[in-house]
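> model this:
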Amino acid sequence: MQSADGPRNVNPKDLAPARGFSHATAAGDTVWVGGQVGADGTGRIVEPGDVVAQFARAIQNVATALRAAGCVPEDTVKLTYYVIDVELYKENLPAIGAAYRGVFGHHYPASTLIEVRSLFEPAALVEIDAVAVRRP
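Predicted structure coming up:
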């Protein structure tokens, strides 16, 4: 059981059912958003092979988790992007940037991009996690 001041797991109904993990955890004023992929509310990747569409859905899923935890995207202090093909990501950077700005506007927190061999969801091309600080 979690105390009133202890960590609180946040699993918004608009995201895939959380089984064995939480979409976000809030502790004090800090919120950690677990890796979000381009999945719909059932957990299915609906745009296989489309890195731009998956990025757009994944960044929207990050925002959904942030809002459910009491934040807005502008409260984000760190984003980490995991991609399975950095060259594919770079080739699509203008469209990916437009999808990002559609959710985060011109708020650019500290960020890291990491190329990985694969992600837990085999059809996922990108996964994004975040750290945010809730405003008083």
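> Please, which helix or strand holds the most centrally placed residue in the chain?
Residue closest to the mean C-alpha point of the chain, counted by CA atoms, centre = their mean, is V62 at 3.3 Å. For V62, the host element (DSSP states H and E) is helix 51-68.
> Next secondary structure element downstream of that helix?
Defined by DSSP H and E, the subsequent element after helix 51-68 is strand 76-83.
> Relative to the whole chain's centre, how far out is the next helix or strand after that following strand?
Next along the chain after strand 76-83, taking DSSP H and E as the criterion, comes helix 86-91. For helix 86-91, the distance from its own C-alpha centre to the chain's C-alpha centre is 19 Å (CA atoms, centre = their mean, to the nearest Å).
> Identify the residues contacting the helix or strand following helix 86-91?
Using DSSP H and E, the helix or strand that directly follows helix 86-91 along the chain is helix 93-104. Under the contact criterion CB atoms under 8 Å, 6 or more residues apart in numbering, helix 93-104 has outside partners 51-52, 55-56, 59-60, 62-63, 73-74, 76, 89. The way it works is simple: take the backbone N, C-alpha and C, and place the C-beta from them, glycine included.
> buried ones in helix 93-104?
For helix 93-104, burial by neighbour count (16 or more other CB atoms under 10 Å) applies to 96, 99-100, 103-104.
> same deal with stretch 24-37?
By neighbour count on 16+ other CB under 10 Å, the buried set for stretch 24-37 is 24-26, 31-37.
> Pipe those into a markdown table and attach pLDDT and distance to I114 per row.
Output for those, formatted as a markdown table (pLDDT from 0 to 100; distance: CB to CB, whole Å):
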| residue | pLDDT | distance to I114 |
| --- | --- | --- |
| A24 | 98 | 20 |
| T25 | 97 | 21 |
| A26 | 97 | 25 |
| V31 | 98 | 21 |
| W32 | 98 | 17 |
| V33 | 98 | 16 |
| G34 | 98 | 16 |
| G35 | 97 | 11 |
| Q36 | 98 | 15 |
| V37 | 98 | 15 |
